[in-house]
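A.B. asks: predicted structure and sequence below. I'll ask about it afterward.
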Amino acid sequence: MRFWEILLLAIALGIDTFSVGMAVGTASAGARQMFRLSWHFGLFQFFMPLLGWQFGAVLATFLGPFNRWLALLIFFFVGARMIQEGIKNTHTTGNAVTDRTRGWSLVLLSLATSMDAFGTGIGLGLLVSDLLYICIIIGVTAAVMTFTGMLLGNLLHRFLTFRSEIVGGVLLWLVGFKMFA
């Protein structure tokens, strides 16, 4: 594969990380949260094609029809929690926002956004022999796109104030439905 083909593939895979980064960024993400989410999304986008390549034949037959359902459920669950907390926070004076870049939220979002990369790894394993170089480009692109999405989401947060977590939850639902379609 040529570099521009790899870059286009990486951008296509990174669209989900950008969208989720924007949704999470609406919860007023600081520099630490931006780094954490970008790092993990990039890392998962790097490793999932390698895992797909290694375990593709076995896992594809097991997860094949269910991976989109799993991603949809993860995005729906995390989005619902964001909406619930956003509604709860509108009725309180303190605007304490849950950090989506920690704990299980981080792991689940990282997995959900990298399922397409897993499937891509299965396909790439059939086409190319040097997958490491391609995975590095995919991971770095995902990290940059996540960071950019979080910056835009953080900008959006400044205009929406306390309702931003509700908007972030709805954005996660839209990403999940887009991935499912």
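C.D. replies: That came through fine.

A.B. asks: can you give me the helices for the chain?
C.D. replies: Here the chain has its helices, by DSSP state H, at 3-25, 31-63, 67-90, 103-113, 115-127, 131-160, 164-180.

A.B. asks: as CSV, those with mean pLDDT and mean neighbour count would be great.
C.D. replies: C-betas here are computed from N, CA, C, even on glycine. Supplementary listing: these in CSV, determined by pLDDT from 0 to 100; neighbours: other CB atoms under 10 Å:
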stretch, mean pLDDT, mean neighbour count
helix 3-25, 87, 21
helix 31-63, 83, 19
helix 67-90, 68, 18
helix 103-113, 87, 19
helix 115-127, 77, 20
helix 131-160, 89, 20
helix 164-180, 69, 21
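
A.B. asks: if I read this right, residue 48 contacts residue 117, doesn't it?
C.D. replies: Yes: counting by CB atoms under 8 Å, residue 117 is a contact partner of residue 48 at 4.0 Å.

A.B. asks: any chance you could list residues touching both of the two?
C.D. replies: Counting by CB atoms under 8 Å, 6 or more residues apart in numbering, residue 48 and residue 117 have no shared contacts at all.
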